[in-house]
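*Asks:* let's see this in three dimensions:
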Amino acid sequence: MATTGFMRQSSFLALIVVCCTEYFALCLEKTRIAALETESISGLRSFTFGFNKPLVKHKLQQRTLIMSQTRSRYAYKSTRSPYVKPNARSARAKRGRGQYIDPSRFVKAAKPPHLQEYVPTHRFADFAFAPLLQKNIAQKGYVTPTPVQDQTIPLGLEGRDIVGIASTGTGKTAAFALPVLSKLILNRDSRALIVAPTRELAQQIEQECREMSEGSGLTDALLIGGSSYGPQLRSLRANPQIVIGTPGRIKDHIERRTLRLEKFNTVVFDEVDRMLDMGFVTDVKLLLSKLAPQRQSFYFSATMDSRVSGLIRTFSPDAETVSVASGDTTDTVHQDVVRYSDTTDKQDKLHTLLIQPDTEKTIVFEETQRGVERLERELSARGFSVVSIHGGKSQGKRARALREFRQGTAKIMLATDVAARGLDVTDITHVVNYSQPQSYQDYTHRIGRAGRAGRIGFALTFITQ
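*Replies:* Modelled structure (predicted):
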């Protein structure tokens with residue numbers, strides 16, 4: 001009996017010894033891998049001075065083989081069926097991105113612009129602006145307001161909330177900026193917040209406000225992403241009367257407590273529908289909750305659907321709507337498709353398009369930042385003068401690219417959808433959708449860059465055969 005118990009105890013001890021041995025062996029192997037990985041390659045390469053280089057190369061290869069064999073020995077063995085395609089899920093996700101758009105919607109003949117002469121009710125001299133502001137706009141040659149200016153400025157000067165709907169290039173910025181600037185000049189205790197969806201649009205608004213209010217002593221702060229916080233903080237410490245920026249960066253400053261909006265009694269949301277489409281609904285509500293309860297609000301956009309107008313009504317239920325949009329903003333754009341078979345064919349057809357005599361200033365849209373950079377390298381190698389703009393570039397690089405494109409130094413701009421709104425470039429002849437947009441609304445925003453100011457533009461969308 002005692003012998004049997006002793007044998008059982010010995011077997012149990014032997015099992016423990018085997019398990020411990022295996023465990024320590026595993027630990028040693030893992031330690032060996034870590035040592036191999038952390039050992040400096042540069043240290044090994046230093047042996048190449050004065051030693052046989054092929055021998056060192058052999059040692060490196062041997063080390064790599066040992067590490068791979070050890071990893072495979074202790075690697076996790078999946079129980080997943082080998083018959084399931086590993087990329088099936090990602091393929092489904094990719095197909096599910098964005099909205100399916102029937103290619104037939106990319107084909108449409110342009111309608112010659114029917115320019116009905118607008119008879120304005122007012123002249124700029126009739127508006128009750130601050131004297132200095134009146135002087136500045138007269139020096140700039142402002143005599144007759146555009147329809148949106150003619151109908152919006154009187155309401156703005158009365159302090160009314162306004163929803164303005166007008167096509168791109170009709171003078172929306174001056175329509176809200178002039179009443180706001182006049183209010184700030186006449187009442188130095190007033191403060192205004194102007195919010196735009198993109199950095200470029202915010203910069204354009206700031207530039208126009210500075211030109212129109214020259215000599216007034218008004219100070220401003222430009223709060224946009226991609227720029228250093230230092231200059232922005234210095235501007236905010238100067239207690240500016242105008243703060244212009246994008247929703248994300250303005251929210252950052254609020255959370256950092258470097259910007260307080262309690263005294264801001266005027267707010268402007270330009271391209272408000274695009275802001276909400278981009279997911280800034282929560283940010284817009286946050287900004288409105290931080291502003292003075294008694295405030296004047298302006299909401300401007302080229303398009304306005306029922307969802308967006310409903311949100312605006314919750315913010316400003318008594319707002320006056322001014323709509324001077326003349327039909328579909330794409331009516332003056334000739335739209336067609338370009339079919340391609342593979343990547344090389346796609347690049348060649350883009351090349352052919354860009355060298356046509358009637359192709360002057362062109363925006364080419366790509367879906368991703370990486371796609372923009374890859375296409376920029378390809379076109380540059382083919383001899384084209386190209387600039388690019390996307391969210392991954394610093395603000396300085398974006399501003400420089402936009403300046404070169406405006407001035408005509410570069411005739412081609414590659415862009416993601418960040419450039420589809422608010423860019424004030426009036427002489428764009430062609431818009432190329434090198435990648436299809438995520439929605440039809442994005443498509444209309446893209447091609448709206450062409451066919452402005454009563455001219456016919458061209459939009460071409462690449463689709464597979």
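
*Asks:* pLDDT weak spots in the stretch 1-150 of the chain?
*Replies:* The model of the stretch 1-150 of the chain has pLDDT under 70 over residues 1-15, 17-98, 112-116.

*Asks:* how near is Leu375 to His390?
*Replies:* Distance, Leu375 to His390, by C-beta to C-beta, to the nearest Å: 11 Å. (C-beta placed from N, C-alpha, C; glycine too.)

*Asks:* go on, Ala319?
*Replies:* Counting by C-beta to C-beta, the gap from Ala319 to His390 is 34 Å.

*Asks:* could you do Ala128 as well?
*Replies:* Taken as C-beta to C-beta, the span from Ala128 to His390 is 43 Å.

*Asks:* of these two, which one has the most company?
*Replies:* Neighbour count, other C-beta atoms under 10 Å: between Ala128 and His390, His390 has more, with 22 against 12.

*Asks:* for the more buried one, list the residues it contacts.
*Replies:* Gln369, Val372, Ala415, Thr416, Val418 (C-beta atoms under 8 Å, 6 or more residues apart in numbering).

*Asks:* and for Glu404?
*Replies:* Val387, Ala410.

*Asks:* which stretches of the stretch 51-200 of the chain form strands?
*Replies:* 162-165, 192-195 (DSSP state E, counting those that start in this stretch).

*Asks:* ok, and what's touching the last one?
*Replies:* For strand 192-195, the external contacting residues (C-beta under 8 Å, 6+ apart) are 180, 183-184, 202, 205, 209, 241-247, 250, 261, 264-270, 275, 284, 287, 291.

*Asks:* strands of the stretch 201-350 of the chain, residue ranges please.
*Replies:* 220-223, 242-245, 266-270, 296-301, 320-323, 333-340.

*Asks:* what residues sit buried inside the fifth one?
*Replies:* Put plainly, it is strand 320-323. Val322 (16 or more other C-beta atoms under 10 Å).

*Asks:* chain center to that strand: distance?
*Replies:* With C-alpha atoms, centre = their mean, to the nearest Å as the basis, strand 320-323 stands 28 Å off its chain's centre.

*Asks:* and it, what does it pack against?
*Replies:* helix 147-157, strand 162-165 (3 or more C-beta pairs under 8 Å, 6 or more residues apart in numbering; DSSP states H and E).

*Asks:* wait, which of the ones you listed is closest to Arg191?
*Replies:* helix 147-157 (16.2 Å; C-beta to C-beta).

*Asks:* tell me the angle the closest one makes with strand 296-301.
*Replies:* Our comparison of helix 147-157 with strand 296-301, counting by axes from the mean of the first three to the mean of the last three C-alpha atoms, to 10 degrees, yields an angle of 160 degrees.

*Asks:* helix 147-157 to strand 266-270, inter-axis angle?
*Replies:* Using the same axes, to 10 degrees, helix 147-157 lies at 160 degrees relative to strand 266-270.

*Asks:* hey, what's Thr321 bridged with?
*Replies:* Thr321 has these beta-bridge partners by DSSP bridges: Val163.

*Asks:* give me every residue that touches it.
*Replies:* So Thr321 contacts Ile162, Val163, Gly164, Ile165 (C-beta under 8 Å, 6+ apart).

*Asks:* is it possible to get JSON lines of the residues you listed that adds pLDDT?
*Replies:* Below are the contacts of Thr321 laid out as JSON lines (pLDDT from 0 to 100):
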{"residue": "Ile162", "pLDDT": "94"}
{"residue": "Val163", "pLDDT": "91"}
{"residue": "Gly164", "pLDDT": "90"}
{"residue": "Ile165", "pLDDT": "86"}
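
*Asks:* counting neighbours, which of those comes out on top?
*Replies:* Most surrounded of these: other C-beta under 10 Å gives Gly164, at 30 neighbours.

*Asks:* next, count neighbours for Ile194.
*Replies:* 26.

*Asks:* hmm, back to that, can I get the helices and strands packed on strand 320-323 in CSV with distance to Gln436?
*Replies:* Below are the helices and strands packed on strand 320-323 laid out as CSV (distance: least, C-beta to C-beta, whole Å):
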stretch, distance to Gln436
helix 147-157, 32
strand 162-165, 27
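
*Asks:* nearest to Arg237, of the ones you listed?
*Replies:* helix 147-157 (29.6 Å).

*Asks:* so which bits of the closest one are buried?
*Replies:* Those would be Pro147, Val148, Gln149, Asp150, Gln151, Thr152, Ile153, Pro154, Leu155, Gly156, for helix 147-157 by 16+ other C-beta under 10 Å.

*Asks:* ok, stretch 135-151 next?
*Replies:* Of the residues in stretch 135-151, those buried (16+ other C-beta under 10 Å) are Asn136, Ile137, Tyr142, Pro145, Thr146, Pro147, Val148, Gln149, Asp150, Gln151.

*Asks:* what lies in contact with that stretch?
*Replies:* Outside stretch 135-151, the residues that reach it (C-beta under 8 Å, 6+ apart) are 118, 120-125, 129, 153, 164, 166, 170-172, 174-175, 178, 211-215, 322, 324.
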